[in-house]
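1. Predicted structure and sequence below. I'll ask about it afterward.
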Amino acid sequence: MVTNRLAWCGLSLVFGLAPLPAKALEACDEPGFAHLLHPQRDAAPLAARAYWLNRGLIQWPGAAEKMAVGARVKLYYSAQAALQIGPNQALGGADASLLLEPSRAELPADLAQRFKFIAPGPRWQVAEADLPRLPQLHRAQVWLVLEDEAGLVQAHTRLQAPGALDDLYAAAERVETLGVSVARQTSFTLWAPTAQKVSLCRYPSGSSKALALDALKWDAQTGVWQTKLTGDLSGQYYNFLVDVFVPGLGVVRNRVTDPYSLSLTTDSKRSYVADLQRAALKPPGWDAVPRVARPSRVKTATDMVIYELHVRDFSISDATVPAAKRGKYSAFTQSSSAGMRHLQALAKAGLTDVHLLPVFDIASIPEAGCLKPKIPQAALDSPLQQAAVMAVAAEDCFNWGYDPFHYSAPEGSYSSDAAKAERRIIEFREMVQALHKADLRVGMDVVYNHTAAAGQHEKSVLDRIVPGYYQRLNALGEVERSTCCDNTATEHRMMAKLMIDSVALWAREYKIDSFRFDLMAHQPRAVMEALQERVNQAAGRPVQLIGEGWNFGEVAHGARFVQASQLSLNGSGIATFSDRGRDAARGGSAGDSGQAVLQNQGWLNGLVYAPNASAPQRPPADLMQAADLIRVGLAGSLRDYELLTWQGKKDKLADIAYGDQPAGYVAQPGEVVNYVDNHDNQTLFDINVLKLPRETSSAERARVQVLGLALTAFSQGVAYFHAGVDILRSKSLDKNSYDSGDWFNRLDWSYRDNGFGAGLPPKLDNGEQYPLLAPLLADASIKPSPADIAWTRDAFRDLLKIRASSSLFRLPTAEAIQQRLKFLNTGPSQNPRVVAASLDGRGWPGAGFEQVLYFINVDPSAQHIDLPSEVAKQFALHPVHLDAAAADRRIAAEARFDAGTGRFTLPGRSAVVFVRQ
């Protein structure tokens, strides 16, 4: 077979240019994934500078300067990609053309809003009589051509078609079921409005040759192709053959999986016919458990206490799990394993949710035959370990998984047998069932902002079915990649539908309780609100949505739509991660590099009060400013909450600066996620290694770790913790471990090793830092002992117990927080090493106490805080502190309150809670 190497949207690909097989059925089994039916006659690259605004209106930015007197604009199209411009500038090869009429009418408000990001340019309208020809036109190669009076080409461009497709096929949004559905008949339905032909390849198994090739029928109202076959075909596998024009190539026959796949065979080569309601796909008891028996501690979003966990990390190193189940969904069913006992203990202490890093079908993990690196025994600061890991990184068994292949199918590498598509469905459900049995809700990390590939790449699905529709494009028609990968366009009707349908399926069919959206601000707020309504309906209960609201890329500052971003989600009930308290605690920002990583200390690890050897001298005001940002986080980042600041002013949190943004930005506490550590960037332990003074003992490092956890535990809003943060998890200073293998991502539930000193982290993302990292990794005194790890584990559980003991730590409304939370030790005379707050429990359901006072002292030494407002009150330490099993025994022994003076004495580096009954 002859091969042709092409570039498409920056991706290299190889696909077959072999002639079509003599028998049509053989196309289902050809080794290539695409056939070129009609090569594009004019192969010169051509940008897509013009936009369809709706079914009949076109805008061409920059075209006005090319217009001459007597010029005219036409649409030319060719079903066999034969358009070309001859040497005399005459256009040939067209099946037909449409003469366009200039449009000088004011753009309707909805179109002006949707297309506000495109540059100015003249507009043209398709004549009313020609509108019925447009569906056929969109199934062909189309050029927008500017001609002179003699008909010679002066300029031409491709067009970006989503505006037209969304208008022409608006009815497709109401199609109830896309993909496969099974009843008395088995239906296969695919939205492919630009395809010229669609066929269905069916296979009896995931590896056998095709047994049938069935034609699909096109519906002109929806752009949907469908066939209904007699009988229940559950257990068969299928692919689509889609004949479609691909810009730059011609008319291509793509063999492609179903974007609505429910499951697939190994490495996602074929989609699987399944009815998810069939008993054979459900573990015993799946339907028998009534809804009321689900974990029920979360009544509102602020009740959520989340543990972010990777399926493979959870068990791959756990010797108490049978070898065949390690790194798999089924590891969660081993209730007596070390990992499950750890989760059970956290649930008992107050953890409510486990959030799983991506578990949808992932493009970057081999589902069979993945390689395992051979890690050499080498020094704590050696580069040899990372070299071994990275030598097989593209073929090993590990990846975070932010490379979506099929959004609505479980990942196969986590199942016991990826070749048996039913196993991943059943075992995923068994995992959810096991976590629910442990009284833990299950959340999913979902990634709808990009695909793993676009264009004609083998792992591109959406763009090989409707080229140019599902991805977000720039002004030249190239795929935007601000997310890291090929961005999707959820502002387009059918990409939004795909996302909403997918999330609803996970909630309904897999009993997922909440969702975390990767780079959520790349999606419109309106779509996320529609998703929230739909998923609640599908689940029959409230399903919490949280996500990353970072404002960047081509959509930043509302350039294309009102984003689901930090500053744009007020009042939506959808939560975003807050970087305010995170950065104030850790120091610097996630983007720091070089010496700045060491120099930019935070409130938690020594800013001003304990400078490290690299830190410049900082004024005391810097510490007070950081302490105020810590208070912002503790108050749930509420816009309208008022705080007496270090400058002596009583400001709303929205009026306190966080760089060029307001520090307070949410309307309600359920709209903020508080955290100091997650899978991104350095772990909390590692960032403190970089920023604490080198001489800090391992026991003191454990105390600093717990103070960071206390910030999250005591903050109003959703509490979010990274798995292993409670056992001092280290990734050997790796700042981006997405592809760093099991070696750098491992968790040790035996509590013997936290992962520090596993060698220098992978060079690709960390190499420039090696001179700074190596001396730290080589310092064996930094590595915690098993006793340090166990102490941190138990101290974290104490914090969870304290948060669970009183509803005052998770107030559901801004009004309640404003009335009941009061910060003490504030203003210009504050001691900025200590944050102190009072929570008023009088008359509040579940408060448990009349008043709660909490203190976080980051100074290595004991601190005294005088609070005249508390004189003569009867405070006692929280019962958790007084329990004989309490981890930090210093608190019971050394923390004091003098009712006569209102003085509180706090041990060094401690989080202390006093209560009044």
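-> All right, it came through fine.

2. and Val153, that's in a strand?
-> Yes. Assignment of Val153 by DSSP: H, G, I helix; E, B strand; the rest coil places it within a strand.

3. separation between the residue positioned nearest the centre of the chain and Gly908?
-> In the chain, the residue lying closest to the centroid (Cα atoms, centre = their mean) is Asp518, at 1.7 Å. Distance of Asp518 to Gly908, computed by Cβ to Cβ, to the nearest Å: 39 Å. From N, CA and C alone the C-beta is placed, and that goes for glycine too.

4. quick check: longest helix of this protein.
-> Scanning the chain for the helix with the most residues, using DSSP state H, yields helix 786-805.

5. residue contacts, the closest residue to the residue nearest to the centre of the chain other than its chain neighbours?
-> Using Cβ to Cβ, 6 or more residues apart in numbering and skipping the chain neighbours, the partner closest in space to Asp518 is Val447 (4.3 Å). Shown in contact with Val447 (Cβ atoms under 8 Å, 6 or more residues apart in numbering): Pro358, Phe360, Tyr402, Asp403, Pro404, Asp518, Leu519.

6. Is the second one bridged to anything, and to what?
-> Each beta-bridge partner of Phe360 is listed here, defined by DSSP bridges: Pro410.

7. Any buried residues in the longest helix of the chain, and which?
-> By neighbour count with 16 or more other Cβ atoms under 10 Å, helix 786-805 contains the buried residues 788-805.

8. can you check stretch 697-709 too?
-> The neighbour-count check on stretch 697-709 (16+ other Cβ under 10 Å) flags Ser698, Glu700, Arg701, Ala702, Arg703, Val704, Gln705, Val706, Leu707, Gly708, Leu709 as buried.

9. Show the model's pLDDT score for the residue nearest to the centre of the chain.
-> pLDDT, Asp518: 98.

10. now swap in Gly591 and tell me
-> Gly591 carries a pLDDT value of 88.

11. Now do the residue nearest to Asp518 against Pro358, distance only.
-> On the measure of Cβ to Cβ, Val447 and Pro358 end up 6 Å apart.

12. joint contacts of those two?
-> What both Val447 and Pro358 touch, as defined by Cβ under 8 Å, 6+ apart, is the set Tyr402, Pro404.

13. pLDDT averaged over stretch 639-648 - what is it?
-> Computed over stretch 639-648, the mean pLDDT rounds to 98.

14. all strands of the stretch 251-400 of the chain, in order?
-> Using DSSP state E, counting those that start in this stretch, the strands found in the stretch 251-400 of the chain span residues 271-272, 305-309, 353-356, 360-362.

15. can you check the stretch 501-650 of the chain too?
-> Assigned strands in the stretch 501-650 of the chain, in chain order: 514-517, 544-547, 575-577, 642-644, 650-652 (criterion: DSSP E, counting those that start in this stretch).

16. partners of the third one in the sheet?
-> Right, strand 575-577. Strand pairing for strand 575-577, using DSSP bridges, gives strand 544-547 (parallel), strand 672-674 (parallel).

17. what would the strands of the stretch 501-650 of the chain look like in JSON lines with mean neighbour count?
-> Formatted as JSON lines, the strands of the stretch 501-650 of the chain follow (neighbours: other Cβ atoms under 10 Å):
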{"stretch": "strand 514-517", "mean neighbour count": "26"}
{"stretch": "strand 544-547", "mean neighbour count": "26"}
{"stretch": "strand 575-577", "mean neighbour count": "26"}
{"stretch": "strand 642-644", "mean neighbour count": "19"}
{"stretch": "strand 650-652", "mean neighbour count": "14"}
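
18. And these: which comes nearest Val252?
-> Closest approach to Val252 among those (Cβ to Cβ): strand 514-517, 32.7 Å.

19. Return the closest one as PDB; C-alpha atoms alone will do.
-> Extracted in PDB, the C-alpha atoms of strand 514-517 (Å, rounded to 0.1, in the frame of the first residue of the first chain):
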ATOM      1  CA  SER A 514     -20.500  15.400  40.700                       C
ATOM      2  CA  PHE A 515     -18.200  16.600  37.900                       C
ATOM      3  CA  ARG A 516     -15.000  18.600  37.600                       C
ATOM      4  CA  PHE A 517     -14.600  20.400  34.300                       C
END
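
20. Tell me, how many residues neighbour Leu764?
-> By other Cβ atoms under 10 Å, the residues close to Leu764 number 12.

21. from here on, count from 827
-> New numbering, starting at 827: the last item is Leu1590.

22. OK, contacts around it?
-> Met1216.

23. quick one: it and Asp1139, what's the gap?
-> From Leu1590 to Asp1139 the distance is 20 Å (Cβ to Cβ).

24. so which of the contacts of Val1273 would you say is closest to Ala1205?
-> Nearest to Ala1205 among the contacts of Val1273 is Tyr1228, at 31.9 Å by Cβ to Cβ.

25. got a list of what the closest residue to Trp950 other than its chain neighbours touches?
-> Spatial nearest neighbour of Trp950, excluding adjacent residues (Cβ to Cβ, 6+ apart): Leu926 at 3.7 Å. Residues near Leu926 by Cβ under 8 Å, 6+ apart: Ile884, Arg898, Val899, Lys900, Leu901, Trp950, Gln951, Val952, Ala953.

26. Going through those, which ones are buried?
-> Buried among the contacts of Leu926 (16+ other Cβ under 10 Å): Ile884, Arg898, Val899, Lys900, Leu901, Trp950, Gln951, Val952.

27. wait, the third one sits on Val979?
-> No. If you go by Cβ atoms under 8 Å, Val899 and Val979 don't touch, sitting 11.2 Å apart.

28. got any residues that touch both of those two?
-> Val971, Leu972, Glu973.

29. Pick the one among these closest to Pro1293.
-> Ranked by distance to Pro1293 (Cβ to Cβ), the shared contacts of Val899 and Val979 are led by Val971 at 20.4 Å.

30. Show me the beta-bridge partners of the closest one.
-> Lys900, His982.

31. That one and Ala916 touch, don't they?
-> No. Counting by Cβ under 8 Å, Val971 does not reach Ala916; the two are 10.8 Å apart.

32. So if I had to pick from those two, which one is more boxed in?
-> Neighbour comparison, Val971 and Ala916: the larger count goes to Val971, with 23 against 13 (by other Cβ under 10 Å).

33. The residue lying closest to Gly1375 once chain neighbours are set aside and Asp1512: what is the separation?
-> In space, not counting the residues next to it along the chain, Gly1375 is nearest to Thr1402; the distance is 3.2 Å by Cβ to Cβ, 6+ apart. Here Thr1402 is placed at a distance of 25 Å from Asp1512 (Cβ to Cβ).

34. for the protein, which spans come out with low pLDDT?
-> 827-848, 1115-1119 (pLDDT under 70).

35. Please identify which helix or strand holds the residue of it most remote from its centre.
-> Distance from the C-alpha centroid of the chain peaks at Ala976, with 54.3 Å (Cα atoms, centre = their mean). With secondary structure defined by DSSP states H and E, Ala976 is part of neither a helix nor a strand.

36. for the closest residue to Gln980 other than its chain neighbours, what are its contacts?
-> Among residues not flanking Gln980 along the chain, Leu972 sits closest, at 4.7 Å (Cβ to Cβ, 6+ apart). By Cβ under 8 Å, 6+ apart, the residues touching Leu972 are Ala889, Lys892, Met893, Ala897, Arg898, Val899, Val979, Gln980, Ala981, His982.

37. between the residues you listed, which is nearest Val1660?
-> Lowest distance from Val1660 to those (Cβ to Cβ) belongs to Ala889, with 64.5 Å.

38. list the contacts for the closest one?
-> Neighbouring residues of Ala889 by Cβ under 8 Å, 6+ apart: Arg875, Ala876, Val899, Gly947, Pro948, Leu972, Ala981.
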